[in-house]
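Asker: Fold the following, please.
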Amino acid sequence: MRSLTKLLTLVLLISLGDLAAQEQPNFIFILTDDQQYGLMGCTGNSIVQTPNLDKLASDGVLFTNAHVTSAICTPSRASILTSQFERKHGINFNSGTSMSIEGWNTSYPVVMRKNGYFTGWIGKNHVPVGEGGYSSGLMEKSFDYWYAGHGHLSFYPKSIHEIFKGAKSDTQVEVIAEGIKDFLSNEETLEGAVKFLDQRPPDKPFMLSVSFNLPHGNGTSSMQLKPSDDEIYRSLYRDQEIPLPKNYIAKVDITTPKLPLEIHHSKDRQTSYNWVDTPRGYRERTVRQMQAMTGIDRLIGQLRRMLKKQQLDKNTIIVFTSDHGLFGGQFGLGGKALCYEITTHVPLLIFDPKASMSSRRKSSDALVQSIDIAPTLLAMAGIPIPNSYQGKDLSGLLRQEENSVRSYLYTENLWSTSFGNPRCEAVQNMEWKYIRYYKNENPSALQQIETAKTLGIPIKNMLYGVHDQQIVQYRLFIEGPVHGEVPLYEELFHLKKDPDETINLASDQAYLDVLQKMRYVWSKEIAYARGAEPPKVLRYTVDSEAERSLLIEPK
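Answerer: Numbers count the residues shown, from 1 in each chain. Presented below is the predicted three-dimensional model:
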């Protein structure tokens, strides 16, 4: 009898062990905005204070060679949500489209919710979804917990988004922190948050997406250094010497532009990026960016303490990354939307508390991309990955069962507008990068502004309004290179010897074989990025909304 009891006990322990092993993890995905790779201590910045992010990196896996697919907010975020290149999902500021319900239903939050996860979204959304885009209400209804604003949040989000009015804090990071506390703790109802259940069910795993609008230029430019702001945002770093970035060129010192003027109309750059033009402007904005990063870092520390207090820390995976980088005057450039490392290279940290110690406290230089995040989350949750996904599951890299998931990265920019940006695409491996550029016949932003002033047209409407005919233009941008459009300019960089992309070798006959090989790789990668099916999108323009007696406000 005693032997039978021991046997039954052993069987029960094994069964319980199996159940524990099969228990789905919780996830917190944190996305910053405009955060270039080197803006944390763990990624090589010796000035900025990010001890909690550095600790997260040392506790998990830091990917040192992670890149976005499109270096601008909306397409990058749509790519993260759907694990698709922009050429496939078809969403950008100039696309005249919003994501259809069919497209949205394959996004990682919707897929995880359908598979039993309690889902929340806090902070910023910058992807139009559903009929009427940002006004559709579809995203709000797709989550169990919603505490977010569409478009830019500003540093003081309560002043522009009604949903945040009930927050105790005024500054963005701290307002978002209140939302996170409300989601995790179930201790109080945060006024403004939309909940479909009064409390988060304790028996369901959760997927929380936290999206910042910092250290983005919109947020850092609106910092007012108010007496009520935390000391971090008023005085930190202001007594330190802030060095200029490598290859910095002030506007007055530019003699030879980085790109030919017929390709890149740099004079039409958005004025919000003109802080790069002078050393003084650069240093002021960099101080603000670092202050914002230290605020975000403090939130990371608070978050991990909250998880521990709620006894959630041992089963909650944390993923941290950025939607793209940002030029700070390197080569005289400002803004984003190009295929250079400064804009496409981002930090990616993944911390799994259940991972073996031998697979943690590591860094990986594998070529990974933002489209890999969604399939990795689903794989770690034990959820089937949709066939529409184009990214890779990184869980094998995390377990150190694999060393790589791809041989080449592909990035693209389809945001070619009056602000001078050229269409471009790039492919790269561990040693080489190849970039190609196409004709730029967009109207001049400066000329549009001048005309708007002369005729009394609101400048915002002139510059940012997207009409039906622009849908056709955007589609040509997508399809042209796939069907043989010839580039007007090419670049080839030897990343291993020239990581700063300073010497273009495309016209050097000594590297003709490399150039031809990379052209071939590009042809394969762009075909894969485009896919065979049309984008899952809806018409979303000034014209479509006017037909519904609505006005689109630029986001």
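Asker: How many residues are close by residue 189?
Answerer: Here the neighbour count serves as a burial measure; for residue 189 (other CB atoms under 10 Å) it reads 12. Backbone N, C-alpha and C define where each C-beta goes, glycine included.
Asker: Can you say which helix or strand has it in it?
Answerer: Element membership of residue 189, judged by DSSP states H and E, is empty: it is in no helix or strand.
Asker: Which other helices and strands does the helix or strand hosting residue 178 contact?
Answerer: Using DSSP H and E, the element containing residue 178 is helix 172-185. On a contact count with 3 or more CB pairs under 8 Å, 6 or more residues apart in numbering; DSSP states H and E, helix 172-185 meets strand 118-125, strand 145-150, strand 206-211, helix 279-309.
Asker: distance between the ends of stretch 547-555?
Answerer: Start to finish, the residues bounding stretch 547-555 are 20 Å apart (CA to CA, to the nearest Å).
Asker: Pass me the low-pLDDT residue ranges in this structure, would you?
Answerer: 1-22, 187-188 (pLDDT under 70).
Asker: Counting neighbours, what do you get for residue 477?
Answerer: If you count neighbours by other CB under 10 Å, residue 477 ends up with 22.
Asker: Could you report the neighbour count for the nearest residue to it once chain neighbours are set aside?
Answerer: Nearest-residue entry for residue 477: residue 414, 5.0 Å, with adjacent residues in sequence omitted and distances by CB to CB, 6 or more residues apart in numbering. The burial count assigned to residue 414 is 26, neighbours taken as other CB under 10 Å.
Asker: Which stretches in the stretch 301-450 of the chain count as strands?
Answerer: In order along the chain, the stretch 301-450 of the chain carries the following strands (DSSP state E, counting those that start in this stretch): 316-322, 327-328, 334-335, 345-351, 362-364, 368-369, 409-413, 424-428, 432-437.
Asker: before we move on, the earlier item: the residue nearest to residue 477: what's it in contact with?
Answerer: With contacts defined as CB atoms under 8 Å, 6 or more residues apart in numbering, the neighbours of residue 414 are 70, 75, 86-87, 92, 94-95, 423, 474, 477-478.
Asker: nearest to residue 514, of those?
Answerer: residue 423 (23.1 Å; CB to CB).
Asker: quick one: that closest one and residue 440 touch, right?
Answerer: Yes: assessed by CB atoms under 8 Å, residue 423 is found in contact with residue 440 at 7.4 Å.
Asker: number of nearby residues for the closest residue in space to residue 286 that isn't next to it in sequence?
Answerer: Nearest residue to residue 286, sequence neighbours excluded (CB to CB, 6+ apart): residue 242, at 5.4 Å. Here the number of neighbours of residue 242 (other CB under 10 Å) works out to 16.
Asker: Which parts of the stretch 101-250 of the chain are helices?
Answerer: In chain order, the stretch 101-250 of the chain shows helices spanning 101-104, 108-114, 138-141, 172-185, 217-221, with DSSP state H, counting those that start in this stretch as the criterion.
Asker: For the second one, give me every contacting residue.
Answerer: With CB under 8 Å, 6+ apart as the contact definition, helix 108-114 has outside contacts at 27, 81, 83, 104-105, 119, 121, 142-144, 207, 209, 373-374, 377-378, 381, 383, 386.
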